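Q: What would the 3D arrangement of this be:
(chains A and B)
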Amino acid sequence: MSLKIYNTLTRKKEEFKTLQPGKVSMYVCGPTVYDKAHVGHAMSALVFDIVRRYLEYLGYEVHHVTNYTDVDDKIIQRAAVEGVEPLTVAERYIKEFDRHLHDLNILPASEYPRATEQIDNIVKSVAELVKKGYAYPKDGDVYYRVDKFPDYGKLSGRKLEDMEAGFRIEVDSRKEHPLDFALWKAAKTGEPSWPSPWGNGRPGWHIECSVMSQTCLGDQIDIHGGGNDLIFPHHENEIAQSEALTGKHFATYWMHNGMMQLSGAKMSKSVGNLVTIDSFLEKYEANVLRMMVLNSSYRGPLTFNEETIQHAQRALKRLRSALKPALPQENWQGGKDLKDRSKQVRELFRKTMDDDFNTAGTLGHIFDFVKDINQARDEGADQESLEAAQAVLKELTGVLGLKLDQEQAQAGEAGEFIDLLVEIRTRLREEKLWELSDLIRDKLEELDVILEDTPQGTTWQWK
RNA sequence: GGCGACGUAGCCAAGUGGUAAGGCAGAGGUCUGCAAAACCUUUAUCAUGGGUUCGAUUCCCAUCGUCGCCUCCA
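A: Purely as a prediction, here's the structure:
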């Protein structure tokens, strides 16, 4: 068995081979921090968190780098509107995004470089590109010369000729070729800027990723990831820059996640069809969003609406149903079967995840296992056997980043009163006063408290 | 106009050249004082039209439809 990854560069699933044995270098494009992040950004972070967790499960040491773009037009615009420094805006949303990553149970990257911390290296790289003839200065700007890079278009499957004929390219007479893109932008008044051989200015968007990737991970990396909206031009340009700079093949595997859809279109700021991570987490636990991501293919679009959220919530509840305690019976004999199934589900997990992180297929096997566990409990499995199987379930869902243990405090102010009501109701039930005990159950349900009567007594939980 | 992805049951969704996982919802049943939960049973010929093949949902072509990129974007 071996891991296969779909590579955007070749449009095929390829066997995963690292540059160095046992080690993976992975660069994932992070957000531009000019406003609150939405669940689409979260989706991307979740996808690559799952990739990273699985690689680590396989035993790889993963060097995971994600950047923050902290200087660009939108940040500057936003700062102007608010009357603050651009870096103040960037800093605020970086902090917020860090908090989101934590709340979403996303493992911290090894490094979080920022564009503004890499200006020296960026200037050096731009100068190098100019020196090598891949770039040319013009009125304080510096442009990349796409004509000079023969492989331009290899990631997105485009040809320069085709694109020239495209109707949306606006012609800038200062550029040699309409597709030449800015490596360095001359400073306008009031904008943050840094000195350079071409005058004061700031980096273009694409160069920062090439430079940060190289600085943190070296000339060549195993995996480069991001949303599929970055394939062109961003990642195409990164390849052009990096490979022109080093003369080496840049990233082996290019992975791209699909877009979060809301109301039939890509979730985005410009369309205005977005749900922020904050507003999502106010209403739902982080696992719900992760479940939505897991239940579909990472490369395809993911529809976000009330219905898909409900589905994810219920699926999560179903996984948790397998974690209930045993109801042992003396003559139970299914111990070996359950053990065999545990072993088998581990193998299936591995096999399915190896197929380009097929999380939806993997969930199918996990749900089968949930059924087996519940079945065993119904048949009277002992606590020890059941717990061994539950440990496997938690292990595998843990690799997917799900937290099945219910942390929600049943204590707290309301908790004590609910406990009291449950206790009274238990007495009533002992006295067979069904009408009153049902009344308590119904009224509590109206208050979002669900009671369940089990052989071990009554349990409750928030709806 | 160019490039790319996708179209599987009411919904979400996996998958295979030999008649299709799983979850949710629905129906019936077991259990329960009644419920809930759990368990059992049950629900599809895989967009359409051609082609290749002994045989295609799975391969090829066309058509229709949806989405993404070509401008900032996870």
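Q: Residue A:182 is in contact with residue A:140, correct?
A: No - with contact taken as Cβ atoms under 8 Å, residue A:140 and residue A:182 are classed as non-touching, separated by 10.8 Å. Where you see a C-beta, it was placed from the backbone N, CA and C, and this is true even at glycine.
Q: Just list the residues touching the closest residue to RNA strand B within the stretch 1-150 of chain A, thanks.
A: Closest to RNA strand B within the stretch 1-150 of chain A is residue A:40: 2.5 Å, counting by Cβ to the nearest atom of the strand. Taking Cβ atoms under 8 Å, 6 or more residues apart in numbering, we find residue A:40 in contact with A:227, A:259, A:260, A:266, A:267, A:268, A:274.
Q: who's in contact with stretch A:111-118?
A: A:30, A:65-71, A:87, A:90, A:94, A:98, A:122, A:192, A:203, A:208, A:211-212, A:215-216.
Q: quick one: terminal-to-terminal distance for stretch A:258-275?
A: End-to-end distance for stretch A:258-275: 17 Å, by Cα to Cα, to the nearest Å.
Q: got the buried residues for that stretch?
A: A:258, A:259, A:260, A:261, A:262, A:266, A:267, A:273, A:274, A:275 (16 or more other Cβ atoms under 10 Å).
Q: Hmm, residue A:38 and the last one touching each other?
A: Yes - with contact defined as Cβ under 8 Å, residue A:275 reaches residue A:38; the gap is 5.9 Å.
Q: what's the overlap in contacts for those two?
A: residue A:267.
Q: Tell me which of the contacts of stretch A:111-118 fall in strands.
A: A:65, A:66, A:203 (DSSP state E).
Q: excluding its backbone neighbours, what's nearest residue A:41?
A: Using Cβ to Cβ, 6 or more residues apart in numbering and skipping the chain neighbours, the partner closest in space to residue A:41 is residue A:31 (5.3 Å).
Q: That neighbour is in contact with residue A:38, isn't it?
A: No - taking contacts as Cβ under 8 Å, residue A:31 lies outside contact range of residue A:38: 9.7 Å.
Q: Just want the residue of the stretch 301-450 of chain A that's nearest RNA strand B.
A: residue A:364 (2.4 Å).
Q: circling back to that earlier point, give me the subset of the contacts of residue A:40 touching RNA strand B.
A: When the contacts of residue A:40 are checked against RNA strand B using Cβ under 7 Å from any atom of the strand, the ones in range are A:227, A:259, A:260, A:266, A:267, A:268.
Q: For RNA strand B, state which of the residues you listed is nearest.
A: Closest approach between those and RNA strand B, by Cβ to the nearest atom of the strand: residue A:227, at 2.3 Å.
Q: how about the residues of the stretch 151-300 of chain A near RNA strand B?
A: Contact residues (Cβ under 7 Å from any atom of the strand) of the stretch 151-300 of chain A with RNA strand B: A:156-159, A:162-163, A:165-169, A:181, A:205, A:226-234, A:257, A:259-261, A:264-270, A:295-297, A:299-300.
Q: rerun that using 6 Å as the cut-off
A: Contact residues (Cβ under 6 Å from any atom of the strand) of the stretch 151-300 of chain A with RNA strand B: A:156-158, A:162-163, A:166-169, A:205, A:226-234, A:257, A:259-260, A:264-268, A:270, A:295-297, A:300.
Q: what about residue A:140 and residue A:182, which has more around it?
A: residue A:182 (22 against 15; other Cβ atoms under 10 Å).
Q: Using PDB, write down the CA coordinates of stretch A:338-348.
A: Only the C-alpha atoms of stretch A:338-348 are listed here, as PDB (Å, rounded to 0.1, in the frame of the first residue of the first chain):
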ATOM      1  CA  LEU A 338     -14.800  -7.200  17.400                       C
ATOM      2  CA  LYS A 339     -11.100  -7.500  17.500                       C
ATOM      3  CA  ASP A 340     -10.900  -8.700  13.900                       C
ATOM      4  CA  ARG A 341     -13.200  -5.800  12.800                       C
ATOM      5  CA  SER A 342     -10.900  -3.300  14.600                       C
ATOM      6  CA  LYS A 343      -8.000  -4.600  12.700                       C
ATOM      7  CA  GLN A 344      -9.800  -4.600   9.500                       C
ATOM      8  CA  VAL A 345     -11.100  -1.100   9.800                       C
ATOM      9  CA  ARG A 346      -7.600   0.200  10.400                       C
ATOM     10  CA  GLU A 347      -6.500  -1.500   7.200                       C
ATOM     11  CA  LEU A 348      -9.500  -0.100   5.300                       C
END
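Q: Quick check: buried residues in it?
A: Those would be A:338, A:341, A:342, A:345, A:348, for stretch A:338-348 by 16+ other Cβ under 10 Å.
Q: Adding pLDDT and distance to RNA strand B, write those out as TSV.
A: Formatted as TSV, the buried residues of stretch A:338-348 follow (pLDDT from 0 to 100; distance: Cβ to the nearest atom of the strand, whole Å):
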residue	pLDDT	distance to RNA strand B
A:338	96	13
A:341	96	12
A:342	97	16
A:345	97	12
A:348	96	10
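Q: Quick check: of those residues, which lies closest to residue A:283?
A: residue A:345 (32.1 Å; Cβ to Cβ).
Q: I'd like to know which helix or strand in chain A has the lowest mean pLDDT.
A: When the helices and strands of chain A are compared on mean pLDDT, DSSP states H and E, helix A:160-165 comes out lowest with a mean of 73.
Q: right, and the helix or strand after it?
A: Note on helix A:160-165: by DSSP states H and E, the next helix or strand toward the C-terminus is strand A:182-186.
Q: Partner strands of that following strand and their direction?
A: strand A:141-144 (antiparallel), strand A:201-203 (antiparallel) (DSSP bridges).
Q: No more questions from me, cheers.
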